[in-house]
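Student: quick one: sequence plus predicted model below, questions after.
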Amino acid sequence: MRLKLAGVSKSFGARRVLDGLDLVVDAGELVAVTGQSGSGKSVLLKLAATLLPATSGRVEVLGVTPPYADREAIGALRNRLGMQFQNLGLFAFTDVYGNLAFSLTKIGMRDEDIRARVDPALETLGLGRAHDRFPDQISGGMKRRLAIGRVLVKLPELALFDDPVAGLDPLTAERVLGMIAAWRDETGAAVLIASPDPDAVRGRVDRHLVLEDGRLRPEAA
Amino acid sequence: MRGLLSHVGGITWLFFRAARYAVPLRLESREFSRILLHFGVKSLPLVLLTAVITGALMVLQTGAVVELMGATSMVGWASGVAVLREVGPVLIGVMFSGQVGSFNAAELGLMKITEQVEALSGLGVDPVRFLVFPRMLAMMLMLAVLTVYGDLFALIGGSIVSWGMFDLDPWVFWQQVLLPHPVDDLLEGVLKAVFFGLNISVVSCYFGLQVERDPWEVGVAVNRSVVTSAMGLFVIDYLFALARAGA
Amino acid sequence: MIVAQGLRKAYGDNLVLDSVELSIADGELVYLVGQSGEGKTVLGRCLFGLERADAGSVRIDGFEMVGATPRELHRVRMSYVYVFQHPTLFDSFTVEENIALPLRYHRTGSEAAVLRQVDRWLELAGVTPYRRAYPSELPFGAQKKVSIARALSLQPKGLILDEPTTGLDRATADALTDLVLQLHAELKLTTVLISHDRPNILRTASRVALITGGRLVDARLGRPAAEGIAIEGDPDRILARFLGQGPVA
Amino acid sequence: MRWLGSLVSSAVDILALLAETLRSLKGVGRHPERLLAELSSIGTGSLIFLFATAAFMGVIIVFQTATQINKAIPDLSMLGAGFIRVMTAEMIPLLTGLMVSARVGSAISSEVASMVVTEQMDALRLANTDPTEYIVAPKLVASLVAVPILGLVSLATGITAGMLVGWIVFEIHPSTFLNFRYTYGYHFLSFCLKLLSFAVLIPLVSVIEGFRTGRQGAFSVGQAATRGVIMSSFFVFVADLSVSLLERGLWGAP
């Protein structure tokens, strides 16, 4: 079990976003969560990424309860996670190559190993020619590919994607989801995708859940 | 350097485009009064608070120098001149530019990003007439009024410090401030403030409208607006000093 | 009548439009579709003078848009109003004031006449209950309707809507599309919809112009059978693939 | 009175952030490239702008005081002494503080705010990197290095500009003008104290205003930039007055 949430609730002030939610994602599984905007999909993903603590309930990420207070230990756990953020979170202070390499240096990889992993990824993502450009100098589509690629090159055991097909037309969206699925097949990672558009993910994932009133339910096909 | 020149050119050009609506006056009164109320009231507390501090600082320094020269009784006169004519308008202008100018640049930048400005011209509404000109007038008026209040508060701050530090009776302090020709000094300060307001409004509108699409640019616009209006402030102040020397 | 000939537009070495030909008759409704980044919005903006094409010609009611002065463009753009993807309403104005803004600015008539007009557009767009509210208090779909009402207040001959249903949930998107169709029919507006809202294109489009690789495929959609859509004018089946549906006939 | 409450809570936040930043200060050495980037954006980015305003200020003050004195007693021999003292103890520190607030404060706030809005901060944390160590600490160190140097150079620029005006317009010879009789050691001490306190306050206040942001994209970034200028220049005023009063209280006489 790569991710296990049991009876998890999350409140911001008086507003309860998640309310006794249960979810299990196994290795090699590709799970999608859809729901209206504001239903708490991003909160769910950030919880799984150990970036937010739950208000109550059990959270297990890669088999452990996240040790939020222990800087070293939580850092080591986060080194094994990857997340594409809704607003992409591309580092403005470094170039395309630096964005892909950043978390790899934190894992402790050597420069030549990083290069050996990032260079081919740049080509696959169609970012080869843009490797030394900064995020504000590339197109919207390239930014999105970079953000997704940043998760993939890290080879995390649990990968989280927050609305990876936002604003994409149906054909491009299909290609992006196909790329994520192929990567999952290759690495056996657990993947959790959030999207506001049920049509975009329907039939392209192993399990399709809907987040409503703070809980998950299977999508009625 | 070339960038600076092109900005100065752009700012001047925007000024002329806006000034066209002064004669005959075509003012969007709804937007004008909104800005006056919204920006003016918002900036009042902090500007006044800094004015009190400014007055205190001026008295501390000019007072000490005058005291050295052996004339404590001159403290009020010296700080009165300094506040009304010089430091008051400049520092209040800097604070105003930090508060209102930067807010304005951010607001217009945001309107650019959300395509509100483009939508305006799509409706046949000239953004310069609808957005820039009312802001220009409002900020000139606002800064003039703020300067009068700010001067008052600065002198209050000054009288407190000169009472506490130099044992100067507040009554004597105010007599000294008011005796020579405070009206001339005040008027000069207010006239300066009108020009400062013009400078801040046109500069902040210009940089706000320079924003294209990236949220990041709004921060850049605010930054440039504050920096450039501060430069403009000192240039205007310098021109005033030159003009007085010539007169 | 909108006629584009040999329209070309490039950003750096990225050729977005390559000799595009398109003609839209008065009172017609056309969807402009294409994949993300393929330039459907660029075409829309070039057609209506928001952006200058590098080469070619766009004539709107006989007036040449490419190379026109800003003042001339203004006049045309007031009769073919562009409704942006974001609602672009003024946050500090109420809904009523937003709609009245162009009327008051252009001094179209007495205050009473302005308010009567505002009534009419509020009614048509179905946003009368929001009259005194500020835009930030409205649901996103209602904001979009208000921005359409504001565009109508100039009594234009045509509307260009840039991705009107993006960011809306299914039901609201369908309702908004129906509103646009109804306005198109009632006011005889020439209507251009820039969109990749597949369900609504399939549901309501009769003419679709697809941009791909800088070229334009001008296709017509028919609904001959109870199920499926017939697509004419799409020899390479690009549009069929884009809509995820093969031609029936 | 709401803004007064927010000022107090800002002061508390500043202390908390200062403590946290000091704790992660040792990490700055691990990212020398970050420190260099911050130094160049805080230091060199402010240079020309600051020196130009300092020169203008020197010119204007000498101009004004000289014409005033000329009206009363046509003896300008002590003008330089008073000028240098006022510049050192008050004008240049305050000017440097305000201009750095304008130039650097808004830049830091909008940078941090856009990092929050675009979720770069979350991305950093997920990449096992502490934002305080990676983003805030280098800014503080760079500011501590750059601001005092900027202050010293603008002091030199302002005094030189004033001296030139005195020489060219009022025919005061530089040897008469450059008179440090009224400038005591503690004036220079308070000059340094002021600059150091600004160097700490400006980046921290701006970072706090940057983090105190909503998630509404451009709107939040613009608001943060505005608040960055306002709050950092306000705290500059407060720190300046505090040091001046402290100086006066400690040494009493002029």
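Tutor: Nice, I can see it. Numbers count the residues shown, from 1 in each chain, chains lettered A, B, ... in the order given.
Student: may I have the residues that are in contact with the closest residue to residue C:20 other than its chain neighbours?
Tutor: The spatially closest residue to residue C:20, leaving aside those adjacent along the chain, is residue C:7, at 4.2 Å (Cβ to Cβ, 6 or more residues apart in numbering or on different chains). C-beta: built from backbone N, CA, C; applies to glycine. By Cβ atoms under 8 Å, 6 or more residues apart in numbering or on different chains, the contact list for residue C:7 reads C:17, C:19-22, C:43, C:46, C:53, C:55-58.
Student: ok, now with 10 Å
Tutor: C:17-22, C:42-43, C:46-47, C:53-58, C:66, C:214, C:216 (Cβ atoms under 10 Å, 6 or more residues apart in numbering or on different chains).
Student: just residue B:105 next, same as before
Tutor: So residue B:105 contacts B:97, B:200, B:203-211, B:218-226, B:228-229, D:106, D:222, D:225-226 (Cβ under 10 Å, 6+ apart).
Student: now a PyMOL select for only the buried ones of those.
Tutor: A single PyMOL command is used to select the members of the contacts of residue B:105 judged buried by 16 or more other Cβ atoms under 10 Å in any protein chain shown:
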select buried, (chain B and resi 97+200+203+204+205+206+207+208+209+210+211+218+219+220+221+222+223+224+225+226+228+229) or (chain D and resi 106+222+225+226)
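Student: you'd agree residue C:218 is in a helix?
Tutor: No - under the criterion used here (DSSP: H, G, I helix; E, B strand; the rest coil), residue C:218 is strand, not part of a helix.
Student: give me the pLDDT for it.
Tutor: pLDDT for residue C:218: 85.
Student: so for the host helix or strand of residue A:120, what gets flagged as buried?
Tutor: Using DSSP states H and E, residue A:120 sits within helix A:111-124. Within helix A:111-124, the residues that count as buried by 16+ other Cβ under 10 Å are A:114, A:117-118, A:121-122.
Student: how about stretch D:188-197?
Tutor: Quick answer for stretch D:188-197 (16+ other Cβ under 10 Å): D:190-191, D:193-197.
Student: that one near chain B at all?
Tutor: No - judged by Cβ under 10 Å from any Cβ of the partner chain, stretch D:188-197 makes no contact with chain B; its nearest approach is 10.8 Å.
Student: return the alpha-carbon coordinates of that stretch using PDB.
Tutor: The C-alpha coordinates for stretch D:188-197 follow below in PDB (Å, rounded to 0.1, in the frame of the first residue of the first chain):
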ATOM      1  CA  PHE D 188      28.300  57.400  12.900                       C
ATOM      2  CA  LEU D 189      27.300  54.700  15.400                       C
ATOM      3  CA  SER D 190      23.700  55.600  15.000                       C
ATOM      4  CA  PHE D 191      24.200  55.700  11.200                       C
ATOM      5  CA  CYS D 192      25.400  52.100  11.400                       C
ATOM      6  CA  LEU D 193      22.700  51.000  13.800                       C
ATOM      7  CA  LYS D 194      20.000  52.400  11.600                       C
ATOM      8  CA  LEU D 195      21.300  50.800   8.400                       C
ATOM      9  CA  LEU D 196      21.800  47.400  10.200                       C
ATOM     10  CA  SER D 197      18.200  47.500  11.600                       C
END
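Student: just how off-centre is that stretch within its chain?
Tutor: The chain centroid and the centroid of stretch D:188-197 are separated by 10 Å, computed with Cα atoms, centre = their mean, to the nearest Å.
Student: now what about it, what contacts it?
Tutor: With contact meaning Cβ under 10 Å, 6+ apart, stretch D:188-197 is reached by D:87-90, D:92-94, D:96-97, D:100, D:143-144, D:147-152, D:155, D:180, D:183-184, D:186, D:235-236, D:238-244, D:246-248, D:250-251.
Student: hmm, try it at 6 Å
Tutor: With Cβ atoms under 6 Å, 6 or more residues apart in numbering or on different chains as the contact definition, stretch D:188-197 has outside contacts at D:88, D:93, D:147-148, D:151, D:239-240, D:243, D:247.
Student: for stretch C:152-159, same thing?
Tutor: With Cβ under 6 Å, 6+ apart, stretch C:152-159 has contacts from C:78-81, C:99, C:102-103, C:121, C:189-191.
Student: number of residues surrounding residue 139?
Tutor: Here I'm looking at chain A. 13 (other Cβ atoms under 10 Å in any protein chain shown).
Student: switch to chain B, please.
Tutor: Using other Cβ under 10 Å, residue B:139 has 30 neighbouring residues.
Student: helix or strand: which one has it?
Tutor: helix B:133-166.
Student: now do that helix: distance to the chain's middle.
Tutor: Worked out by Cα atoms, centre = their mean, helix B:133-166 lies 10 Å from the chain centre.
Student: so after that helix, what's the next helix or strand?
Tutor: helix B:170-178.
Student: could you dump that next one to PDB, C-alpha only?
Tutor: The C-alpha coordinates for helix B:170-178 follow below in PDB (Å, rounded to 0.1, in the frame of the first residue of the first chain):
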ATOM      1  CA  PRO B 170       4.800  74.200  22.500                       C
ATOM      2  CA  TRP B 171       3.200  77.700  22.500                       C
ATOM      3  CA  VAL B 172       6.500  79.300  21.600                       C
ATOM      4  CA  PHE B 173       7.100  76.500  19.000                       C
ATOM      5  CA  TRP B 174       3.800  77.200  17.300                       C
ATOM      6  CA  GLN B 175       4.400  81.000  17.400                       C
ATOM      7  CA  GLN B 176       7.700  80.500  15.700                       C
ATOM      8  CA  VAL B 177       6.200  78.300  13.100                       C
ATOM      9  CA  LEU B 178       3.300  80.700  12.300                       C
END
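Student: pull up the gap between residue B:141 and residue C:69, please.
Tutor: According to Cβ to Cβ, to the nearest Å, residue B:141 and residue C:69 sit 35 Å apart.
Student: looking at those two, which one has more neighbours?
Tutor: Looking at residue B:141 and residue C:69 with other Cβ under 10 Å, you find the greater number of neighbours at residue B:141, namely 17 against 7.
Student: now for whichever strand or helix holds residue C:16, which elements pack on it?
Tutor: Counting by DSSP H and E, the element that carries residue C:16 is strand C:14-24. Applying 3 or more Cβ pairs under 6 Å, 6 or more residues apart in numbering or on different chains; DSSP states H and E, we find strand C:14-24 packed against strand C:2-11.
Student: name the strands paired with the strand it packs on and say parallel or antiparallel.
Tutor: Strand pairing for strand C:2-11, determined by DSSP bridges: strand C:14-24 (antiparallel), strand C:55-60 (antiparallel).
Student: could I get the buried residue list for it?
Tutor: Per 16+ other Cβ under 10 Å, strand C:2-11 contains these buried residues: C:2-4, C:7-9.
Student: now render the residues you listed as CSV, adding pLDDT and distance to residue B:196.
Tutor: Below are the buried residues of strand C:2-11 laid out as CSV (pLDDT from 0 to 100; distance: Cβ to Cβ, whole Å):
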residue, pLDDT, distance to residue B:196
C:2, 91, 49
C:3, 92, 53
C:4, 91, 50
C:7, 89, 48
C:8, 89, 48
C:9, 88, 44
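Student: hang on, the earlier thing: is chain D within reach of the helix holding residue A:120?
Tutor: No - contact of helix A:111-124 with chain D is not found when judged by Cβ under 6 Å from any Cβ of the partner chain; the minimum separation is 13.1 Å.
Student: tell me which other helices or strands that helix touches.
Tutor: Applying 3+ Cβ pairs under 6 Å, 6+ apart, one finds that helix A:111-124 makes contact with helix A:96-107, helix A:140-153.
Student: show the average pLDDT along that helix.
Tutor: 94.
Student: that helix vs helix A:140-153, what angle?
Tutor: Put simply, helix A:111-124 runs at 140 degrees to helix A:140-153, going by axes from the mean of the first three to the mean of the last three Cα atoms, to 10 degrees.
Student: and helix A:111-124, how far out from the chain's middle?
Tutor: 20 Å.
Student: show me where pLDDT drops low in chain A?
Tutor: A:221 (pLDDT under 70).
Student: repeat that for the stretch 101-250 of chain D.
Tutor: Looking at the stretch 101-250 of chain D by pLDDT under 70, you get D:215-218.
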